[in-house]
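**Student:** After the sequence you'll find the predicted model.
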Amino acid sequence: MRYQILGKTDIEVSDIALGTWAIGGQMWGGTDRKASIEAIQESIDSGINLIDTAPGYGKGLSEEIVGQAIKGKRDKVIIATKCGLFWDQKKGQFFMEYEGSSLYRYLGAESVKEELEVSLKKLDTDYVDLYITHWQDPTTPIEETMGALMDLKAAGKIRAIGVSNATIEDMEEYLKLGFVDADQEKYNLLEDKMENTNIAWCREKGSTFLAYSPLAQGLLTGKLDPQRKFPIGDLRRDNPYFAKEKIKKINDILDQNFKPLAEKYGCSIGQISIAAIASQNGIVALCGARNKEQAKENAAAGEVLIKDTEIRSLKEALSSMK
């Protein structure tokens, strides 16, 4: 496993991180607590030290499972969790209907602080290493939100500040009061629009870019069956990329272009897709895992360092699908 420094902190994080959205179960067809705990513990044993979670992942379930899995291992992990998304209160701006609940975005100062206390209890810890604003709230001035985050940092309850689903303009506002150590956004070889915006900004400022969905929710593994039926509640069900014809075309591209490179490096197609993200300067690949086998395979991608020219070649091969 390779490691890098998070933003301008002294926190060292693994180039491959564990993302726990799917572990929360909602929009992913449920969860298996035992298998999820095993996935987290296998990740840690395999060299992954950054675990990313959020209250919104399963309405607190993901945080609870993470807290249970890391008991006795707190000194081995860097915990990232989030704030700003509500399903039990109508605050801020309505976001979406989610598993029978109305979600709202809200980042008021007192709410940010209260949310952290709830997260600390679920995670069974007295501090969070990286606290991230999950979705930006247009009803609250960023100055107010960042002021609250800086208070929490000064109190030792969080060690670093991050944002997610943010624009460059948002991040510039955050910078007026303190530093943004991390920006978490969707990025993979198929969905790469962040390269000339947020990723470029992070490199200029010295922030770390946390890339979620590096496998495009499984599309870039080569393992998806074009005939697979996604159940109601699975977020991939209505995603056009997961139509039978699209999966087949992507699988063909992976077989022709990714497989030879995977054979060269002695790894799987999925590991090449992850390594293509994690091999880039200043980027951490956030990989989901729902069992220990997936966790171990994801972590092993941290041993694969591929060249910039090879990354460009892989992207070019997928360009017809964008």
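**Tutor:** Arrived safely.

**Student:** Buried residues of the lowest-mean-pLDDT helix or strand in the chain, list them for me.
**Tutor:** One helix or strand of the chain scores below all others by mean pLDDT, DSSP states H and E: strand 93-98, with a mean of 86. Neighbour counts over strand 93-98 (16 or more other Cβ atoms under 10 Å) mark Phe95 as buried. (Glycine included, C-beta is placed from N, CA and C.)

**Student:** now Thr140, nearest residue through space, not along the chain?
**Tutor:** Spatially, and ignoring its direct neighbours in sequence, Thr140 is nearest to Leu107 (4.8 Å; Cβ to Cβ, 6 or more residues apart in numbering).

**Student:** low-scoring stretches of this structure, by residue?
**Tutor:** 24-30 (pLDDT under 70).

**Student:** now the strands for the stretch 1-150 of the chain?
**Tutor:** For the stretch 1-150 of the chain, applying DSSP state E, counting those that start in this stretch gives strands covering 3-5, 12-14, 16-19, 50-52, 78-83, 85-86, 93-98, 101-105, 128-133.

**Student:** Can you list the strands that the last one pairs with?
**Tutor:** For strand 128-133, sheet partners with direction are given as strand 78-83 (parallel), strand 158-164 (parallel), following DSSP bridges.

**Student:** Deepest in the core, which of those is it.
**Tutor:** Ranked by average neighbour count under the criterion mean count of other Cβ atoms under 10 Å, those are headed by strand 78-83 at a mean of 26.

**Student:** In CSV, list the strands paired with strand 128-133 along with distance to Arg312.
**Tutor:** Listed next are the strands paired with strand 128-133 as CSV, based on distance: least, Cβ to Cβ, whole Å:
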stretch, distance to Arg312
strand 78-83, 30
strand 158-164, 27
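
**Student:** Indicate which one of those is closest to Ser319.
**Tutor:** Closest to Ser319 of these is strand 158-164 (Cβ to Cβ; 26.7 Å).

**Student:** my guess is Phe258 is in a strand, correct?
**Tutor:** No. According to DSSP: H, G, I helix; E, B strand; the rest coil, the state of Phe258 is helix, so it is not within a strand.

**Student:** And it, how close does it get to Pro214?
**Tutor:** Separation of Phe258 from Pro214 (Cβ to Cβ, to the nearest Å): 13 Å.

**Student:** Among these two, which residue is more densely surrounded?
**Tutor:** Counting neighbours by other Cβ atoms under 10 Å for Phe258 and for Pro214 shows that Pro214 has the greater number, 30 against 27.

**Student:** Need the contact partners of whichever helix in the chain runs longest.
**Tutor:** When the chain is scanned for its longest helix (criterion: DSSP state H), the result is helix 109-123. For helix 109-123, the surrounding residues in contact (Cβ atoms under 8 Å, 6 or more residues apart in numbering) are 53, 55, 60, 63-64, 66-67, 70, 79, 81, 83-84, 91, 126-128, 131, 133, 144-145, 147-149, 151-152, 157-158.

**Student:** Try it again at 7 Å.
**Tutor:** Contacts with helix 109-123, where a contact means Cβ atoms under 7 Å, 6 or more residues apart in numbering, come from 55, 60, 63-64, 66-67, 79, 81, 83, 91, 126, 128, 131, 144-145, 147-149, 152, 157.

**Student:** Which residues are in contact with Val174?
**Tutor:** Just so we're on the same page, residue 174 is Tyr rather than Val. Ile142, Met146, Val163, Val180.

**Student:** No further queries at this time; thank you.
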